[in-house]
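Undergrad: Have a look at this prediction, sequence included:
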Amino acid sequence: MKTSTIVLLTTATVSGFSVQPNNVRPSTSLNGLFDGVKDAFSAPPSEIDSERETPIDRWMGWSVVAQEQEVDAATPSDFLDSMDASNYVSVELTKPMGIIFEENDAEFGGIFVQSLKEGGAAEESGKLKSGDQLVIVGTKNVSGLDFDDALGAIIDAPEEKVKITLFRGTGKQFYGPTGPSKEWLAEFCTKGGVESS
Ligand SMILES: *[C@@H]1O[C@H](CO)[C@@H](O)[C@H](O)[C@H]1NC(C)=O
């Protein structure tokens with residue numbers, strides 16, 4: 001297998017040389033070739049769009065997506081520290097809680113508060129807002145779970161009052177590059193979030 005690959009490559013190289021006009025100054029042609037490669041390596045990233053993206057573009061970080069992520073990381077206008085407990089709310093509620101949850105985009109997973117039922121336990125508590133990301137039920141990490149599993153954690157909780165902890169930010173802020181580390185989240189879950197008042 002290896003041998004035949006080498007043979008193929010050699011053949012290609014040879015035929016590449018044979019098409020050079022007159023074969024007069026191979027060294028110049030070669031230099032030209034390498035200049036071309038160099039130019040490709042230093043080409044401005046703006047010329048590459050995602051449809052033309054090749055593996056080397058990705059490897060060099062030239063892709064449009066990578067650029068956007070870089071910009072996001074460098075100037076995150078909406079940065080919110082997901083490893084700061086003060087950006088979370090914990091509340092103990094009896095069921096039914098009166099929270100209408102909605103699933104995040106599939107790339108994130110997890111659920112967030114879509115709205116609160118009028119007169120329901122959650123609304124009465126005055127602690128939750130639509131948009132809050134459900135992270136912990138009791139001490140169980142439910143971040144990233146799909147709708148049924150995340151909600152199932154609340155439904156299955158045996159306590160009369162179930163403590164839930166939510167991140168007061170967007171799905172992107174929690175599940176994107178600025179999300180909490182596994183270690184931080186694990187410890188935060190063990191503590192059951194923040195103090196609920
Ligand atoms: C929390 O659960 C999600 C989904 O199962 C998982 O991806 C994540 O690693 C978990 N985090 C911790 C700290 O256990």
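TA: Noted; the coordinates are in hand.

Undergrad: Please make it C-alpha for all contacts and neighbour counts, starting now.
TA: OK.

Undergrad: any low-confidence regions in this protein?
TA: 1-76, 197 (pLDDT under 70).

Undergrad: Walk me through the domains of it.
TA: Domain assignment of the chain by automatic domain parsing yields the ranges 37-74, 85-190.

Undergrad: ok, now which ones touch Leu93?
TA: Neighbour list for Leu93: 121-122, 161-164 [criterion: Cα atoms under 8 Å, 6 or more residues apart in numbering].

Undergrad: now with 10 Å?
TA: Applying Cα atoms under 10 Å, 6 or more residues apart in numbering, we find Leu93 in contact with 120-122, 124-125, 159-164.

Undergrad: Also Ile164?
TA: So Ile164 contacts 89-93, 134-140, 154, 192-194, 196 (Cα under 10 Å, 6+ apart).

Undergrad: Now the phi/psi pair for it, please.
TA: phi -120, psi 150 (degrees, to the nearest 10).

Undergrad: Just list whatever residues bridge to it.
TA: Counting by DSSP bridges, Ile164 is bridged to Val91, Val137.

Undergrad: Quick check: phi and psi on the nearest residue to Glu118 once chain neighbours are set aside?
TA: Nearest residue to Glu118 in three dimensions, chain neighbours excluded: Gly98, at 7.8 Å (Cα to Cα, 6 or more residues apart in numbering). Main-chain torsions, Gly98, degrees, to the nearest 10: phi 70, psi 40.

Undergrad: now swap in the one 5 residues further on and tell me
TA: Recorded main-chain torsions at Glu103 are phi -80, psi 140, according to degrees, to the nearest 10.

Undergrad: and what of Lys161?
TA: Torsion angles, degrees, to the nearest 10, at Lys161: phi -110, psi 120.

Undergrad: OK, contacts around it?
TA: Contacts of Lys161 by Cα under 10 Å, 6+ apart are 91-97, 138.

Undergrad: could I get those residues as TSV with distance to the ligand?
TA: Output for the contacts of Lys161, formatted as TSV (distance: Cα to the nearest ligand atom, whole Å):
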residue	distance to the ligand
Val91	19
Glu92	21
Leu93	22
Thr94	24
Lys95	23
Pro96	24
Met97	22
Gly138	13
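
Undergrad: one step back: show me how to select, in ChimeraX, the buried members of the contacts of Leu93.
TA: One line in ChimeraX is enough to select the buried members of the contacts of Leu93, burial here meaning 16 or more other Cα atoms under 10 Å:
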select :120,121,122,162,163,164
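
Undergrad: Check the contacts of Leu93 and tell me the two furthest apart.
TA: Within the contacts of Leu93, Glu124 and Glu159 form the most distant pair, 19.4 Å apart (Cα to Cα).

Undergrad: Lys117 against Glu123, yeah?
TA: Yes - with contact defined as Cα atoms under 10 Å, Lys117 counts as touching Glu123 (6.7 Å).

Undergrad: So which of those two has more stuff around it?
TA: Glu123 (17 against 14; other Cα atoms under 10 Å).

Undergrad: any idea how far the closest residue to that one other than its chain neighbours is from Gly126?
TA: Leaving out its chain neighbours, the residue that sits closest to Glu123 by Cα to Cα, 6+ apart is Leu116, at 5.8 Å. In this view, Leu116 and Gly126 are 10 Å apart by Cα to Cα, to the nearest Å.
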